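>>> 3D, please:
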Amino acid sequence: MRLLTAVILGAALCAPSPALAAQAAAPVRPGGGASRGADAREVHGAAVPTAGGAAIHLDADYPGGNIRVLRREGGTYTLAPDLRDTEGWWFHFNVRLRAPAGLPVTLVFAEKNPLGVRGPAMSTDRGRTWRWLGKAAVRSFAAGGTPCWSFQGSVPPGAAEARFAFAPAYLESHLREWLERHRTNAMLQVAELCRSRKQRPVELLRAGCLEPQKARGVVVLTARHHACESMASYVLEGLLDAVLADDGLGRRWRERWQVLALPFADKDGVEEGDQGKNRAPHDHNRDYSNRPLYPEIAAWMKLGASVGPRVVFSLDLHCPHIRGPWNDRVYIVGSPALAAADREKAFARALERVRRGPIPFRAADGYLPAGVAWNKPGNDAAGRSNGAWARGTFPGARFAGAMEIAYADALGVEVNAHSARAFGRDLAEAILEHVEEAPASSSANPVGPASGLTIPVNPAAPTTP
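I've put the predicted structure just below:
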């Protein structure tokens, strides 16, 4: 969340340009163009009266908010993602519209397109639930030779606001809602791993077989090393739902395996709406060094070292780029080490066998080998990743690596909260099949407080939610 002032900087920004507004709202016409206007100074949030006296207000002053309002021309706003400390361009945005019900407002992005393959996501319940507006909602055009993309938004009757984002948000409020649903489940515990740089509590979840002497081993799960990668959180939620479910799959987990999960590896970035990717001087997924910058990573590394011999599986959940090859599916990021790559491919085959949910996964094209596309040696120049650290810290693990979850579309199937949670259940079944194919770690070191592992409890989050 970043506070935005309700001031328009420069009177020229208020000068209407009917051509731009008409072009942004109109259907796409090949060869069309519009005058862009000379002044592109930034508007840091504005409450702007309409002709009837009612106000239109665009801002990002809420958890997860992210937008730069560059220009207003009547009911048309030119926007851009707020990059903050990201090096280079990234595409995450999350903007709130407050306006009279049904009044259309046109939102335009120029030069670079942050609207994904299913258009923007929209929420009308203050960011709790989301839906995709669809590819057809997006209009493309050129303004003064500059490529632009736009969509129309409005606040529906009965709603106080509408939010529009690159992808459905998942924040601490979503995790708290999930914890409340499982409040009486004794097989789930939540503690405070550490405090973030800005003193936010960083949640640590323990689920499944919580008896130290009974658990065969530990499965460690992480998400949100890059703050904007929200669909990974819905997958993690679905996986944990499966671990806690009152069915055969859940009972197998709770009888045999303990889960340690870090839902928000970049807690400040998630709550403040940062991109998180390529953060300067390096992001959280390049912080696995001898002297980590971020408290979350330092604490997670310490915890990992304490349970290392017992870990049988380590999975770091991510989301890929906005569109293009390899960004249209779920895939496993391959390791350069041949033995690790063989284990990763075996897990891919297990996932393909057990998958029942709507999101497809095929081992043949759901595994990105080392040396292919972006997965090349220079990719870790900024620092060691979670996957590389896990492969060294958990030598007995049957899998230690990363998986990318497409933001909006996986081989033609919509990715949303429901389908992502269903894929999480598929992952839960595949992990069991994979780790139970071979004997678990023979280490006698138990997991949990009885082993000498101290997990400080967050007073705001009871040990048994």
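>>> now do the helices in this structure.
Along the chain, the stretches classed as helices by DSSP state H are 18-25, 172-181, 231-244, 248-256, 267-272, 295-307, 338-354, 386-393, 417-435.
>>> so what touches the second one?
Contacting residues not belonging to helix 172-181 are listed as 63, 127-128, 188, 190, 200, 203, 233, 237, 240, 263-264, 267, 270-271, 461, 465 [C-beta atoms under 8 Å, 6 or more residues apart in numbering]. In this view, the C-beta of every residue, glycine as well, is placed from N, C-alpha and C.
>>> and for the fourth one?
Contacts of helix 248-256 with the rest of the structure, by C-beta under 8 Å, 6+ apart, involve 187, 207-209, 214-216, 242-244, 259, 425, 428-429, 432, 436.
>>> so that helix versus helix 338-354, what angle?
140 degrees (axes from the mean of the first three to the mean of the last three C-alpha atoms, to 10 degrees).
>>> please identify the buried residues of helix 248-256?
250, 252-254, 256 (16 or more other C-beta atoms under 10 Å).
>>> next, format those as a markdown table and append pLDDT and distance to Ser123.
As requested, these are arranged in a markdown table below (pLDDT from 0 to 100; distance: C-beta to C-beta, whole Å):
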| residue | pLDDT | distance to Ser123 |
| --- | --- | --- |
| Gly250 | 98 | 30 |
| Arg252 | 97 | 36 |
| Trp253 | 98 | 32 |
| Arg254 | 98 | 34 |
| Arg256 | 97 | 38 |
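>>> and stretch 332-342, end to end?
Between the start and the finish of stretch 332-342 there is a gap of 12 Å, counting by C-alpha to C-alpha, to the nearest Å.
>>> quick check: buried residues in that stretch?
Neighbour-count burial for stretch 332-342, with 16+ other C-beta under 10 Å as criterion, is recorded at 332-335, 340-341.
>>> stretch 357-368 too?
Counting neighbours by 16+ other C-beta under 10 Å, the buried set in stretch 357-368 is 357-363, 366-368.
>>> picking up where we left off before, pull out the buried members of the contacts of helix 248-256.
Among those, those that count as buried by neighbour count (16+ other C-beta under 10 Å) are 187, 207-209, 215-216, 242-244, 259, 425, 428-429, 432.
>>> any idea how far Pro263 is from Leu293?
Between Leu293 and Pro263 the distance is 20 Å, computed by C-beta to C-beta, to the nearest Å.
>>> can you put the buried ones among the contacts of helix 248-256 in CSV and add pLDDT and distance to Pro281?
Formatted as CSV, the entries for the buried ones among the contacts of helix 248-256 read as follows, by pLDDT from 0 to 100; distance: C-beta to C-beta, whole Å:
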residue, pLDDT, distance to Pro281
Met187, 97, 40
Ala207, 98, 34
Gly208, 98, 37
Cys209, 98, 40
Ala215, 96, 38
Arg216, 97, 40
Ala242, 98, 38
Val243, 98, 36
Leu244, 98, 39
Val259, 98, 32
Arg425, 98, 38
Ala428, 98, 36
Glu429, 98, 40
Leu432, 98, 39
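>>> can you tell me which residues contact the closest residue to Cys319 other than its chain neighbours?
Distances taken as C-beta to C-beta, 6 or more residues apart in numbering place Glu229 nearest to Cys319, at 3.8 Å, with adjacent residues excluded. Going by C-beta under 8 Å, 6+ apart, Glu229 touches 223, 276-277, 317-319, 405.
>>> possible to save those residues as CSV with distance to Ser306?
As requested, the contacts of Glu229 are arranged in CSV below (distance: C-beta to C-beta, whole Å):
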residue, distance to Ser306
Ala223, 21
Gly276, 27
Lys277, 29
Leu317, 22
His318, 25
Cys319, 29
Ile405, 29
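>>> if any of those are buried, put those into a PyMOL selection.
Buried members of the contacts of Glu229 can be picked out in PyMOL with the line below, counting by 16+ other C-beta under 10 Å:
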select buried, resi 223+276+277+317+318+319+405
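>>> quick one: which of the contacts of Glu229 is nearest Gly383?
Lys277 (13.6 Å; C-beta to C-beta).
>>> so what are the domain limits for this protein?
Here the domain assignment for the chain is 11-165, 172-451, based on automatic domain parsing.
>>> worst mean pLDDT among those?
If these are sorted by mean pLDDT, domain 11-165 sits at the bottom with a mean of 81.
>>> so which of the domains of the chain is the most surrounded?
domain 172-451 (a mean of 20; mean count of other C-beta atoms under 10 Å).
>>> quick one: that one to chain centroid distance?
Centroid displacement of domain 172-451 relative to its chain, using C-alpha atoms, centre = their mean, to the nearest Å, is 12 Å.
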